[in-house]
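Colleague: coordinates only, no sequence provided:
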Ligand code: MF3
Ligand code: CO
Ligand code: CO
């Protein structure tokens, strides 16, 4: 739905609802983190995600979203995003992104983290580091009234240091009482997306997907969800939900136990 800036700016009540949704989602990720390890299936992570969310009286947003069959996305190695949890057993050397979204009292929190399973290749470590650092560089680059292209400039600048590709097909998004709403937040600078300035009260995600090789992906024709890199090379991603305030960006999905800005993988 295409909406104007004014419709998207949350008042104090909306902001507090989004803070609560982000806080629960982060707590869910803290709960899942120790379970993301070699020897577990991705569907066991999904089951834990589903049960924890329901036990706390909330709703896992991915389940049945446009027909998505599970409660979170688990994207392993060359999967860029929208991996479907299944019987795959995580193994030493894998990287896996776990993307979780909760609906708390009608409001959404959305975030993801890439995990290194055991001993991984240098390339796997680097692409994960690049995705993580580029997210925080993008957050650092914005202030009230910023143009959306500041985000893309920061992310592409970081990816270029490694010669990595920035995914263009999938973007960050406004978030509130809907999963995906205006504004679209591309991770590369495209001035066509500057229609809505990042004024206080706007809530959105930043979720850069970084590929070791080419930026293009292909959707699995069998499940119509799983997006893999076109060249089969690794991809990593991190995501936060951000509220722009009068004082600057506020990260709503900070975890207690997760990697902090500056973390070395
Ligand atoms: N959580 C993803 C995002 O960051 C969207 C997943 S949609 C699903 O926007 F249907 F695949 F779950
Ligand atoms: Co997400
Ligand atoms: Co998102």
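Modeller: Perfect, thanks for sending it. Computed from a predicted model, the values in this text were never measured in an experiment. Ligands and ions are numbered 1, 2, ... in the order given.
Colleague: all helices for this structure, in order.
Modeller: Counting by DSSP state H, one finds helices in the chain at the ranges 5-8, 12-32, 42-55, 122-140, 149-162.
Colleague: which positions in the fourth one come out as buried?
Modeller: Think helix 122-140. 124-139 (16 or more other CB atoms under 10 Å). Just so you know, the C-beta spots here come from the backbone N, C-alpha and C atoms, and that holds for glycine as well.
Colleague: same thing with the shortest one?
Modeller: In terms of neighbour count (16+ other CB under 10 Å), helix 5-8 has its buried residues at residue 8.
Colleague: just the buried residues of helix 122-140 now: which is nearest residue 230?
Modeller: Nearest to residue 230 out of these is residue 127 (CB to CB; 15.5 Å).
Colleague: surely that closest one meets residue 236?
Modeller: Yes: taking CB atoms under 8 Å as the definition, residue 127 is a contact partner of residue 236 at 4.5 Å.
Colleague: list residues touching both of those two?
Modeller: 95, 210 (CB atoms under 8 Å, 6 or more residues apart in numbering).
Colleague: flag every residue of the stretch 101-250 of the chain that's near ligand 2.
Modeller: 110, 112, 239 (CB under 5 Å from the ion).
Colleague: and the closest residue to the first one other than its chain neighbours, how far from residue 62?
Modeller: To tie it back to what came earlier, the one meant is residue 110. Once flanking residues are discounted, residue 110 sits nearest to residue 101: 4.3 Å by CB to CB, 6 or more residues apart in numbering. Distance, residue 101 to residue 62, by CB to CB, to the nearest Å: 6 Å.
Colleague: over to residue 223?
Modeller: Taking CB to CB, one finds residue 223 at 14 Å from residue 62.
Colleague: what of residue 16?
Modeller: In terms of CB to CB, residue 16 sits 24 Å off from residue 62.
Colleague: out of these two, which sits in the busier spot?
Modeller: Legend: neighbour count by other CB atoms under 10 Å for residue 16 and residue 62, higher for residue 62 (24 against 12).
Colleague: look up phi and psi at the nearest residue to that one once chain neighbours are set aside.
Modeller: Closest residue to residue 62 apart from its sequence neighbours, by CB to CB, 6+ apart: residue 68 at 5.0 Å. Residue 68 adopts backbone torsions of phi -60, psi 130, taken as degrees, to the nearest 10.
Colleague: need the contact list for residue 68.
Modeller: Residue 68 neighbours (CB under 8 Å, 6+ apart): 62, 82, 84, 225.
Colleague: around ligand 1, pick out the residues from the stretch 1-150 of the chain.
Modeller: For the stretch 1-150 of the chain, the contact set with ligand 1 under CB under 6 Å from any ligand atom comprises 62, 65, 66, 68, 73, 82, 99, 101, 110.
Colleague: by neighbours, which of these wins?
Modeller: Result: residue 101 is most packed of those (other CB under 10 Å), 28 neighbours.
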